[in-house]
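*Asks:* Fold the following.
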Amino acid sequence: MLEGLASIGAEAGALLKQRSQTIAVVDGSTGGLISASLLAMPGASAFYLGGGVIYTLKGRRIILDHAPGSLRRYSSAQEDYALAQARLIRERYGADWGIAETGASGGSSHPLGVASGTSAIGIVGPQGIAASTRITTRSDDRLANMHAFTAAALTLLRDTLAAEPAP
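*Replies:* Coordinates of the predicted model:
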C-alpha cells in the first residue's frame, strides 16, 4: 500500500528538491500517510520541514497556532478549509509550500456529519499559488479511503509543482 503512495511522493519530493523548495503538511483523515509518503524518499530532509495530524479542535490549535475563532467559519472536508489549513501550516513552518487534507475516512460517524469517503485537499505555494480538490469515494472502507485521499493529495501536489515554473 505505501509503495504506490511513496512513488508519487518521491516524484513530488524530487520536484521540491530540484527547485530547492520546502513543504509542511497537515494530515487529517489521511492519518499521517501524506507525510509518510513524502518521508519515504531518501533525502526527504532537504524539502520536508514538518507537520502534524489534525484530528481534534485542540490538535488543530496546537499544530496550526491560529487565532481563536479564526477557522470557525469553515467546515470539514471543504476546499476553502483545506486551503486555509495549508496557508497556516506553510506560515507556521516558513515553508515554500503547504498541503492540507481534511475529511472523513469512514468506519464511524464523523462528529460534524461529513459523509464517509469525503475529503478536501488544499495546496498553497509561493506567489499566491493555490490548488484544491474534493474527493468523494462513496465508500465506508476506512483504509481504502485513507489510501485514495493520500493518493489524490500527492498527485495534486506533484501536478501543481510540475505545472509551475521553477523559481
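
*Asks:* So the residue most central in space within the chain, which state does it fall into?
*Replies:* Centroid check for the chain by Cα atoms, centre = their mean gives residue 100 as the closest residue, at 2.9 Å. At residue 100, secondary structure determined by DSSP: H, G, I helix; E, B strand; the rest coil is strand.

*Asks:* Residue 133 versus that one, what's the distance?
*Replies:* 12 Å (Cβ to Cβ, to the nearest Å). Every residue, glycine included, has its C-beta placed from N, CA and C.

*Asks:* Skipping adjacent residues, who's closest to residue 25 in space?
*Replies:* residue 51 (3.4 Å; Cβ to Cβ, 6 or more residues apart in numbering).

*Asks:* returning to what we had before: touching both of residue 100 and residue 133, which residues are there?
*Replies:* residue 121 (Cβ atoms under 8 Å, 6 or more residues apart in numbering).

*Asks:* Specify the local secondary structure of the residue nearest to residue 25.
*Replies:* strand.

*Asks:* pretty sure it is in contact with residue 24, am I right?
*Replies:* Yes: using Cβ atoms under 8 Å, residue 51 makes contact with residue 24 at a distance of 5.1 Å.

*Asks:* Between these two, which contacts overlap?
*Replies:* 89, 93.

*Asks:* For the helix or strand encompassing residue 13, report the contacting residues that lie outside it.
*Replies:* Using DSSP states H and E, residue 13 falls within helix 2-19. The contact list for helix 2-19 (Cβ under 8 Å, 6+ apart) reads 22-23, 33-34, 36-41, 43-44, 46-48, 96-97, 147, 150-151, 154-155, 157-158, 161-162, 166-167.
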